[in-house]
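[1] here is a sequence with its predicted model. Questions after.
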Amino acid sequence: MPDDLTDGRIVVVGASLAGLRAAEALRDQGFTGSLTVVGDEPHPPYDRPPLSKQVLLGVAPAESTGLPMRHDPEAEWLLGVRATGLDPLGKRVLLEGGESLPYDRVLIATGTRARPWPNPEEAALDGVFTVRTREDAAGLAARLDAGPRRVLVIGGGFTGSEIASACRERGLEVTVTERGPAPLVGALGGTLSKLAAVMQRNHGVDLRTGVTVTRLLGDKTFTGVELSDGSRVDADVCVVALGAVRNVEWLAESGLAAGPRGLACDAGCRAFTMYGIVTDDVFVAGDVSRFPHPLFGYQLLSLEHWGNAVVQAEVAAHNMVSPGPLRRPHLALPTFWSTQFGLNIKSVGVPTYSDHVVIAQGSLEARRLAMVYGYRGRVTAAVTVDMAKSLDYYQHLIETGAPFPPPAGAADRAIAAEVPVPSDVPDPSVLSHGPTVALTGYLPDRRLTVV
């Protein structure tokens, strides 16, 4: 590593949102050395949230989702090139084709990919889609333009629910299958997921809960599914929305603490080795990362949030070019939003880090509310439905460790009459789709032996 941290060679692996913002931030922080960004997709960085919203609605083409550059980071962009390994001793990023890139510091921002249908032959049927890339969204949008008689969505998480919403807005018949008791239960818990179920059914969705898809039907072309309750659903299009897989396989021989939940790092975005030793030249940011947060028991958070990717990339970039005493932690609160079935859902904090919830404003019946989550007597999260202006107040309660249930403040009525109820957050390991936020300790996926 060079004595001057603003010089040398930095490689960013991952050319999506976190990779782009990190490259820009490195230059903002005064880095003047060689900067290379590697991405396995052939496109410049683009925005993914519109893919399941505007693109599927047909109001925006997939190629219009490119992310604007705040300024030119003067980087060498290696697009359509896959990283196949990391050599921490030789300090090289290994690329497909046998080439390698030397580095002084490397930022891993490889993100996630859509979890595929587990049967490859069934997944290859014409009419079966996932939604993660520009090509995925463009292909599905074209199929929806053709007016299928019915769309089958497997998985009732945020992505699956947004896809179902887009289909109903287009006037298409849609069936959603969810192995949990209600949509969004893995992210928001049982109480608020009941509202999600009501809203889907009120908008004409054929919602099947407590069931799994056992088989995709068709000979070359998808024709329907068989369900675990013995029923069958005929459809022309199938969208597999079973959550995300973190792109860490290429790190298998690197000696880093990379596993199914992502790559573990400290609060300064420095990656850990598989033995729990923090590195000083390997950093991580975005959806692929797993980092501790003091407000949530220092458990490791795995997030799939747009805002987290931006903020964490900027923190990582700052720390890559700063000496130890000047490095800063990544302590931003998780925030998330979704628009579906005419509702605007926003959250702050970690709803899955809770044992009770209380409706602080509004009501489930009114379809307009603020729900506050608590864990062991402390406020840990809040979710609003068409009441986003209240979120700042609850964010302050989370940041200050306010007692739960919360005092009246932003509430438009006293909340003393509301009785906290169990948040009914399920174990994410039993759901077919991952929650928006997963809290984990380090769980090695193989036994380690010190030689």
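    Alright, I've got the coordinates.
[2] phi, psi for the residue lying closest to Ala62 once chain neighbours are set aside please.
    Excluding the flanking residues, the one nearest Ala62 by Cβ to Cβ, 6 or more residues apart in numbering is Ala138, at 3.9 Å. Backbone N, C-alpha and C define where each C-beta goes, glycine included. When read as degrees, to the nearest 10, the backbone of Ala138 gives phi -60, psi -40.
[3] which residues does Tyr353 contact?
    By Cβ atoms under 8 Å, 6 or more residues apart in numbering, the contact set of Tyr353 is Phe296, Gly297, Gln299, Tyr373, Tyr375, Thr380, Ala381, Val437, Leu439.
[4] apologies, that question was intended for His330.
    Here His330 is in contact with Ala267, Gly268, Cys269, Phe291, Val311, Gln312, Val315, Ala316 (Cβ under 8 Å, 6+ apart).
[5] with Leu95 instead?
    Applying Cβ under 8 Å, 6+ apart to Leu95 gives the contacts Val38, Leu78, Val81, Arg82, Ala83, Thr84, Leu101.
[6] please report the distance of it from Gly19.
    Taking Cβ to Cβ, to the nearest Å as the measure, Leu95 falls 15 Å from Gly19.
[7] verify the contact between Val282 and Arg270 for me.
    Yes - assessed by Cβ atoms under 8 Å, Val282 is found in contact with Arg270 at 7.1 Å.
[8] with neighbour numbers in mind, choose between these two.
    Applying other Cβ atoms under 10 Å to Val282 and Arg270 shows that Val282 carries more neighbours, namely 25 against 19.
[9] skip the chain neighbours and tell me the closest residue to that one.
    Take Val282 and drop its neighbours on the chain: the residue closest to it by Cβ to Cβ, 6+ apart is Ala271, 4.2 Å away.
[10] same check, this time on Asp386
    Nearest one to Asp386, counting by Cβ to Cβ, 6+ apart, is Arg368 at 4.6 Å.
[11] for the one you found, name its beta-bridge partners.
    Beta-bridge pairing for Arg368 (DSSP bridges): Ser363.
[12] buried stuff in stretch 100-116?
    100-101, 103-112, 114-115 (16 or more other Cβ atoms under 10 Å).
[13] so how far is it from its chain's centroid?
    Distance of stretch 100-116 from its chain centroid, counting by Cα atoms, centre = their mean, to the nearest Å, is 16 Å.
[14] please save the CA atoms from that stretch in CSV.
    What follows is stretch 100-116, C-alpha atoms only, in CSV (Å, rounded to 0.1, in the frame of the first residue of the first chain):
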residue,chain,number,x,y,z
SER,A,100,-5.8,-10.1,-13.5
LEU,A,101,-5.8,-6.6,-12.1
PRO,A,102,-3.2,-5.6,-9.5
TYR,A,103,-4.5,-3.4,-6.7
ASP,A,104,-3.4,-1.6,-3.5
ARG,A,105,-6.9,-1.4,-2.2
VAL,A,106,-10.0,-3.1,-3.6
LEU,A,107,-13.7,-2.4,-3.0
ILE,A,108,-16.2,-5.3,-3.4
ALA,A,109,-19.6,-4.1,-4.5
THR,A,110,-20.9,-7.1,-6.5
GLY,A,111,-24.4,-6.8,-5.1
THR,A,112,-27.0,-9.5,-5.7
ARG,A,113,-28.8,-11.5,-8.4
ALA,A,114,-32.3,-12.8,-8.6
ARG,A,115,-32.8,-16.2,-7.0
PRO,A,116,-33.7,-18.6,-9.9
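[15] number of nearby residues for Thr6?
    14.
[16] could you check the pLDDT of it?
    Per-residue confidence at Thr6 stands at 94 (pLDDT).
[17] lowest-confidence helix or strand of this structure?
    strand 437-440 (a mean of 84; mean pLDDT, DSSP states H and E).
[18] Pro435 - nearest residue in space that isn't next to it in sequence?
    That would be Gly186: by Cβ to Cβ, 6+ apart, it lies 4.0 Å from Pro435.
[19] ugh, typo on my part, it should be Pro323
    Here the residue nearest Pro323, using Cβ to Cβ, 6+ apart, is Leu5, at 6.8 Å.
[20] next, the one you found: secondary structure please.
    Each residue gets one of three states, and Leu5 gets coil by DSSP: H, G, I helix; E, B strand; the rest coil.
[21] residue contacts, it?
    So Leu5 contacts Phe31, Met320, Val321, Ser322, Pro323 (Cβ under 8 Å, 6+ apart).
[22] which one of those is nearest Leu51?
    Met320 (29.8 Å; Cβ to Cβ).
[23] pretty sure the closest one contacts Tyr103?
    No - using Cβ under 8 Å, Met320 makes no contact with Tyr103, being 10.8 Å away.
[24] where in the chain is pLDDT low?
    Judged by pLDDT under 70, the chain has its weakly predicted residues at 1, 409-418, 428-432, 441-451.
[25] just the helices in it please.
    Using DSSP state H, the helices of the chain run over 17-28, 54-57, 120-123, 134-145, 158-169, 185-188, 190-202, 306-320, 391-399.
[26] I'd like to know which elements the fifth one is packed against.
    What that stands for is helix 158-169. Packing partners of helix 158-169 (3 or more Cβ pairs under 8 Å, 6 or more residues apart in numbering; DSSP states H and E): helix 54-57, strand 151-154, strand 174-178, helix 190-202, strand 335-340.
[27] mind putting these into JSON lines with mean neighbour count and distance to Ala123?
    Below are the helices and strands packed on helix 158-169 laid out as JSON lines (neighbours: other Cβ atoms under 10 Å; distance: least, Cβ to Cβ, whole Å):
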{"stretch": "helix 54-57", "mean neighbour count": "21", "distance to Ala123": "20"}
{"stretch": "strand 151-154", "mean neighbour count": "26", "distance to Ala123": "11"}
{"stretch": "strand 174-178", "mean neighbour count": "26", "distance to Ala123": "16"}
{"stretch": "helix 190-202", "mean neighbour count": "20", "distance to Ala123": "25"}
{"stretch": "strand 335-340", "mean neighbour count": "19", "distance to Ala123": "25"}
